[in-house]
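*Asks:* Got a predicted structure here, sequence first:
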Amino acid sequence: MAVAVFTALVVASLVAAAVLGTMYYRANTEEKARDSALAAAQLYVQKMFAWNEKTISDNINFMMAHMTGTAKEQYERYVIGERIAELVKEQKSVAKVTEQGAGVVTNTSDTATVLLFINQSASSATSSEIQTNPSRIQYTMERRDGTWLINDSQLIDDQTLMDVVAERDGQPVPSEGLIPAPVPSTAESQAPGSTPTPEPVPTG
């Protein structure tokens, strides 16, 4: 009887150790993923929103290699399709980004949602005015072969937050309300009444 009890205790201890080991490994893996996802997002927001006539094409190519799914489709449509690189070079536009804060909202070992607070200042040779746009950017990312890819990018404003709440409450939400803004544009390139679009830029 004593032997059976001892055996049971040993087995229980081994099982507990295995469970705790698995939990520790998972937590450690997710913590490392959180750190790497944040670092990747901080790099991507600079590549996407900060540029000049010399870096725009390289930035676009870089972002195209680090996007997938919906984010990549929209980036191609708004940045490449609208020939943003050519516009930036023609106007000698310059955009700079100052990060105000960033953090991981949620993550697993191979997925992450990161929120970044930035100020983007933009100027061009055609205007002496410097536009400063404070923005909240949310990246949803997935990791493939060790590399984080953006699969969704959103410009989070008050309306977006209202849409999220409405969606949570079961109310219909216009799809365009959650479409990420493409590229920062100068005042001259925006039509009256149009929505400012602060964002990325690599292509050539």
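*Replies:* The structure has been received and is ready for your questions. Residues are numbered from 1 along each chain as shown.

*Asks:* just the helices in the protein please.
*Replies:* Along the chain, counting by DSSP state H, helices occupy 2-49, 56-64, 69-75, 84-91, 158-168.

*Asks:* Helix or strand with the lowest mean pLDDT in the chain?
*Replies:* None of the helices or strands of the chain scores lower by mean pLDDT, DSSP states H and E than helix 158-168, at a mean of 59.

*Asks:* what's the neighbour count on the nearest residue to residue 138 once chain neighbours are set aside?
*Replies:* Closest residue in space to residue 138, ignoring its immediate chain neighbours: residue 154 at 4.6 Å, by CB to CB, 6 or more residues apart in numbering. Backbone N, C-alpha and C define where each C-beta goes, glycine included. Other residues within reach of residue 154, judged by other CB atoms under 10 Å, total 20.

*Asks:* right, and residue 79 touches residue 60 too?
*Replies:* Yes. Taking CB atoms under 8 Å as the definition, residue 79 is a contact partner of residue 60 at 6.1 Å.

*Asks:* Show me what the longest strand seen in the chain pairs with in its sheet, parallel or antiparallel.
*Replies:* Counting residues, the longest strand found in the chain (DSSP state E) is strand 127-144. Each strand paired with strand 127-144, and its direction, by DSSP bridges: strand 111-124 (antiparallel), strand 147-156 (antiparallel).

*Asks:* Let's have the ones you listed in CSV, adding mean pLDDT and distance to residue 102.
*Replies:* Shown next, in CSV, are the strands paired with strand 127-144 (pLDDT from 0 to 100; distance: least, CB to CB, whole Å):
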stretch, mean pLDDT, distance to residue 102
strand 111-124, 92, 4
strand 147-156, 93, 13
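
*Asks:* ok, residue 38 to residue 64 distance?
*Replies:* Distance of residue 38 to residue 64, computed by CB to CB, to the nearest Å: 22 Å.

*Asks:* actually residue 129, not the one I typed
*Replies:* Distance from residue 129 to residue 64, by CB to CB: 30 Å.

*Asks:* Please name the nearest non-neighbouring residue to residue 156.
*Replies:* Nearest residue to residue 156, sequence neighbours excluded (CB to CB, 6+ apart): residue 136, at 3.9 Å.

*Asks:* Model confidence for the one you found, exactly?
*Replies:* Per-residue confidence (pLDDT) for residue 136: 91.
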